[in-house]
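Enquirer: Here's a sequence, model it:
(2 chains)
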Amino acid sequence: MISQISAVTSINLRSIPQRWGMSLATILSIALVVGVLLGFLAMANGFRATVSGTGSESIAVLLRSGSQAELNSGFGRDTVRLIETAPGVARDEDGAAILSAELYVITDATKRSTGNDASLSLRGVDDMAPRLRENFELVEGRMFAEGSNEIVVGEGVLREFSGFELNSTIRMGPNEWRVVGVFSTGGSVFDSEIWADIGTVQNLYQRGASYQSIRVQLDGETGLTELQDYAENEPRLDLDITTEKEFFAQSAGGLSNLIMYLGWPLAIIMAVGALAGAWNAMYASVDSRVREIATLRTLGFSGFAAFVGTLVESLLLAFIGGLVGALITYFVFDGVSASTMGGSFTQVVFSFAVTIQSVISGVVLALIVGLFGGFFPALRASRVPLLEVHG
Amino acid sequence: MNDLTLIRKSLFRKKTRAILLILSIMTAFLIFGALASIDRVLNSSEELSRADRLVTVNKINFTQTMPYAYWGRVGAVEGVQAVTHASWFGGYYQDIRNFVQAFAVDVDTYLEVYPELVMPADQRAALSERRDCVAVGADLAEQYGWAVGDRFPLSSNIWRQADGSSAWDVEVCAIMTIPDQELPTNYLLMQYDYYNEALAFNRDQIGWMILLTGDPANNDAVSERIDTLFANSPAETETTTEAAFSQAFVEQLGNIGLILSLVVGAAFATILMIVGTTMVMAINERTKEVGVMKTLGFSSSRIFTHVLSESVLLSLVGGLLGLGAAVLLLGGIAEVAGGQLPGLGVGRETWIQALGLMLAFGLLTGFVPAVNAMRLKIVEALGKD
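Expert: Numbering: from 1, shown residues only, chains lettered A, B, ... in the order given. Next comes the predicted model:
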């Protein structure tokens, strides 16, 4: 039985070149389906990796309650002072709280790809901010000086927006800024930000002594609950406190889900189209070998062997198609930089990421197309009427 | 037997094959219809905005506010026929997930600048009488089941009242609609004075201004005058047409047009290959038949036309079924989404483009086999085994 199956299968596979036009069309059409699916998944995965990969469990983000995003939040210096002495906040060797109070302003900058303006976050910070970003690293230049109109920009900003080269001067709104450094936080959302001295930002944007968020290093595992309890029982505080991980996970969901919900149905609809192609190709394969199959059956080969032979041919074409699609997507899209509007209406720069899981999903989709496309033609091959063909 | 019957018969001589081809053409046009509609919805605000309506925002970014006094100063600029202002309220209803697109506006001038917004005269009068009155778009009212006379607290995720509360008590006094157009009415207008007087911070600031110039030819001059007026002030402005403003906002999402074109392109490339190769094969199978027809006196050009018509017919049947499916699908989505995705549907322009694509596609896939059939010599055709 097995020898019959392998004999028929090898005859099938060796006959593929005789129908190279149909076979190639099948492979390429399946490759395109898989390519579209993987393109969307790479976009969704890349965006999600940037946004939710940012969060740390040991850092808490404090916003005014109910504000959801930094853009909507706001509080005064008094709140920051209370948190500086609050329980649950980690302290450095001098006993000072590891805490960064920040201001968040949106500014316009020119996108390289389109030449149009898009929104970027300009964050007013002090020298504590880098300590509350894991993987922070100054790639070029230096940090800004206190009270100056100097800025440091994230790598993503440099990549996607024009005018932010080191040592250049850039005008944002009525103000001029000098780029003195480039920083990286290992591909997180902060790479899409511009940082400047908080005092300067408060002044230039008429924010008085107000802040929009506080980031604190939590003191051990109980730090978060200690801090939350304290804030709840302190009438002068009106804050929502979450871990940074949770904060970013909330803001990542929407867009990456949207991309997924768009990508899968599209790929499935296209797969139905490709299915018709595979089906036709396999019918053509069976039709052109009707005489051959009938001869084999007369010689004693089983209908099942003929069935398997055709099905394997179909699956193989689909598998090649799936691999070709995955490879093309990998070489064309993996690592491609793009930016889109994230939470708070500002641009988030991210890289397309073709993951192993999505490649597997793509190949599985291709095999499903091959399975369904080959099934009925294979059934037909197994039921070739011997007498009619030879008659 | 006339030519059309002949074409139909040869197209469906292998039923399964014809149905499969139609199915695969259908999927491509379904994708085309659905994506073209999504693109249209995203750009609808641009399509339907008034050519002489300008938007003035803070030059730093549209999320930055500007002083209330700017409103009066813009009103005095030469060429400005009417000007109003609006502020983003960041509204939600009861639960923070129930987002309400709410603007704090000066109602009288707002309705002057947006004359397409209409409401019954008695509701319009009531709206100006009380400060806590709001006007709700019909789509939004339907979403939350609001009717005239309903009172509810409208919460803000940005603003606070001086007493610490973040909710403004409002009463629905008017329901707004936009007759004759597919424009969404999924927002709420509350009164600026009522909002502003209670603010704990950022009082006497406005978000943006909208103005009419009366004639698109004046747009450039008016925007320059306004922006010059506020140059070198702490809040410089940027004035653009309403269309350019909404377009810029959509573009912030990324190059959606490019992504959609790539997907549609991939879908069409797929079926082009499938249908193209299958058509070549189908005509090859009929070599003998074509030879017989030629022997009977069918001219080469008539045979050429036959084969081409066959592929065009195939493409039209598949394409129309695909667009039909897109209409059904979008109708279903619009139903599920409630009032949130107004204007979702296959537009006239999409139909025209799709018909053009169907013709082009049919001609393209039929051309090679048609030429083959036309060039076929009777001797060769009949001599084939």
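
Enquirer: can you pull the alpha-carbon coordinates of the longest strand along chain B into PDB?
Expert: Using DSSP state E to define each element, chain B has its longest strand at strand B:167-176. Taking C-alpha atoms only, strand B:167-176 is exported to PDB below (Å, rounded to 0.1, in the frame of the first residue of the first chain):
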ATOM      1  CA  ALA B 167     -19.000  65.900  35.400                       C
ATOM      2  CA  TRP B 168     -21.200  68.700  34.000                       C
ATOM      3  CA  ASP B 169     -25.000  68.200  34.400                       C
ATOM      4  CA  VAL B 170     -26.600  68.700  31.000                       C
ATOM      5  CA  GLU B 171     -30.000  68.400  29.500                       C
ATOM      6  CA  VAL B 172     -30.700  67.400  25.900                       C
ATOM      7  CA  CYS B 173     -32.600  70.300  24.400                       C
ATOM      8  CA  ALA B 174     -32.100  69.700  20.700                       C
ATOM      9  CA  ILE B 175     -31.400  66.800  18.300                       C
ATOM     10  CA  MET B 176     -29.300  67.900  15.300                       C
END
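
Enquirer: Helix or strand next in line after that strand, which one?
Expert: Where DSSP states H and E defines the elements, the next helix or strand beyond strand B:167-176 is strand B:187-191.

Enquirer: after that following strand, next one along is what?
Expert: Next element after strand B:187-191 (DSSP H and E): helix B:192-198.

Enquirer: For that following helix, buried residues please.
Expert: B:192, B:194-196 (16 or more other CB atoms under 10 Å in any protein chain shown). In short, each C-beta sits where N, CA and C put it, glycine included.

Enquirer: Chain A contacts on the stretch 101-250 of chain B?
Expert: Within the stretch 101-250 of chain B, the residues that sit near chain A (CB under 8 Å from any CB of the partner chain) are B:155, B:157-158, B:164, B:166, B:201, B:232-234, B:236, B:248.

Enquirer: Tell me which of these fall in strands.
Expert: Going by DSSP E, the strands hold residue B:155 from those.

Enquirer: Would you reformat the residues of the stretch 101-250 of chain B next to chain A as JSON lines and include pLDDT, neighbour count and distance to residue B:334?
Expert: Below are those laid out as JSON lines (pLDDT from 0 to 100; neighbours: other CB atoms under 10 Å in any protein chain shown; distance: CB to CB, whole Å):
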{"residue": "B:155", "pLDDT": "92", "neighbour count": "22", "distance to residue B:334": "28"}
{"residue": "B:157", "pLDDT": "86", "neighbour count": "20", "distance to residue B:334": "28"}
{"residue": "B:158", "pLDDT": "86", "neighbour count": "21", "distance to residue B:334": "30"}
{"residue": "B:164", "pLDDT": "80", "neighbour count": "8", "distance to residue B:334": "41"}
{"residue": "B:166", "pLDDT": "88", "neighbour count": "21", "distance to residue B:334": "33"}
{"residue": "B:201", "pLDDT": "83", "neighbour count": "14", "distance to residue B:334": "40"}
{"residue": "B:232", "pLDDT": "83", "neighbour count": "7", "distance to residue B:334": "49"}
{"residue": "B:233", "pLDDT": "84", "neighbour count": "13", "distance to residue B:334": "45"}
{"residue": "B:234", "pLDDT": "80", "neighbour count": "15", "distance to residue B:334": "45"}
{"residue": "B:236", "pLDDT": "88", "neighbour count": "19", "distance to residue B:334": "41"}
{"residue": "B:248", "pLDDT": "78", "neighbour count": "18", "distance to residue B:334": "27"}
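
Enquirer: if we take the residues of the stretch 101-250 of chain B next to chain A, which one ends up nearest to residue A:123?
Expert: Set against residue A:123, the nearest of these by CB to CB is residue B:158 (18.4 Å).

Enquirer: hang on, isn't the closest one packed against residue B:91?
Expert: No: with contact defined as CB atoms under 8 Å, residue B:158 does not count as touching residue B:91 (9.1 Å).

Enquirer: Where does the prediction get shaky in chain B?
Expert: Across chain B, the ranges flagged by pLDDT under 70 are B:1, B:44-48, B:181-182, B:337-343, B:384-385.

Enquirer: Tell me which residue is most central in it.
Expert: residue B:41 (1.6 Å; CA atoms, centre = their mean).

Enquirer: ok, now how distant is it from residue B:265?
Expert: Look at residue B:41 and residue B:265: by CB to CB, to the nearest Å, they are 21 Å apart.

Enquirer: Same question for residue A:188.
Expert: 33 Å.

Enquirer: Repeat that for residue B:32.
Expert: 10 Å.

Enquirer: And these two? Which one has more around it.
Expert: residue B:32 (25 against 12; other CB atoms under 10 Å in any protein chain shown).

Enquirer: Please list the residues of the stretch 51-200 of chain A that sit near chain B.
Expert: With the criterion set to CB under 8 Å from any CB, the stretch 51-200 of chain A comes near chain B through A:66-69, A:71-72, A:74, A:105-108, A:113-114, A:116-119, A:172-174.

Enquirer: In strands, which of those residues appear?
Expert: Using DSSP E, these in strands are A:105-108, A:117-119, A:172.

Enquirer: Which parts of the stretch 51-200 of chain B are helices?
Expert: In the stretch 51-200 of chain B, the segments counted as helices under DSSP state H, counting those that start in this stretch are B:69-75, B:107-113, B:121-129, B:138-144, B:192-198.

Enquirer: Ok, chain A next?
Expert: Assigned by DSSP state H, chain A shows helices spanning A:2-14, A:20-52, A:77-84, A:155-160, A:198-204, A:223-233, A:244-288, A:290-298, A:303-333, A:356-382, A:386-390.

Enquirer: Is the shortest one in proximity to chain B?
Expert: No: residues of helix A:386-390 are not located near chain B by CB under 8 Å from any CB, the shortest gap being 15.1 Å.

Enquirer: Now tell me what touches that helix from outside.
Expert: Identification of contacts with helix A:386-390 by CB atoms under 8 Å, 6 or more residues apart in numbering or on different chains yields A:290-291, A:294-295, A:297-298.

Enquirer: and the helix or strand where residue B:263 lies with helix A:244-288, angle?
Expert: Counting by DSSP H and E, the element that carries residue B:263 is helix B:256-285. Note on geometry: by axes from the mean of the first three to the mean of the last three CA atoms, to 10 degrees, helix B:256-285 and helix A:244-288 are set 10 degrees apart in direction.

Enquirer: Return the set of buried residues in helix B:256-285.
Expert: B:256, B:259-260, B:263-264, B:266-268, B:270-283.

Enquirer: before we move on, back to that, got JSON lines for the helices of the stretch 51-200 of chain B, with distance to residue A:42 too?
Expert: Below are these laid out as JSON lines (distance: least, CB to CB, whole Å):
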{"stretch": "helix B:69-75", "distance to residue A:42": "45"}
{"stretch": "helix B:107-113", "distance to residue A:42": "44"}
{"stretch": "helix B:121-129", "distance to residue A:42": "50"}
{"stretch": "helix B:138-144", "distance to residue A:42": "34"}
{"stretch": "helix B:192-198", "distance to residue A:42": "44"}
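
Enquirer: Now for residue 123: which residues touch it?
Expert: Just going to use chain A. Contacts of residue A:123 by CB under 8 Å, 6+ apart are A:102-105, A:129, A:193-196, A:201.

Enquirer: Let me rephrase: I mean chain B.
Expert: Applying CB under 8 Å, 6+ apart, the residues near residue B:123 are B:135, B:148, B:173-175.

Enquirer: check contacts around the closest residue to chain A within the stretch 151-300 of chain B.
Expert: Here the stretch 151-300 of chain B gets closest to chain A at one residue, residue B:274, 3.4 Å apart by CB to the nearest CB. Applying CB under 8 Å, 6+ apart, we find residue B:274 in contact with A:25-26, A:29, A:273-274, A:276-277, A:280, B:21, B:24.
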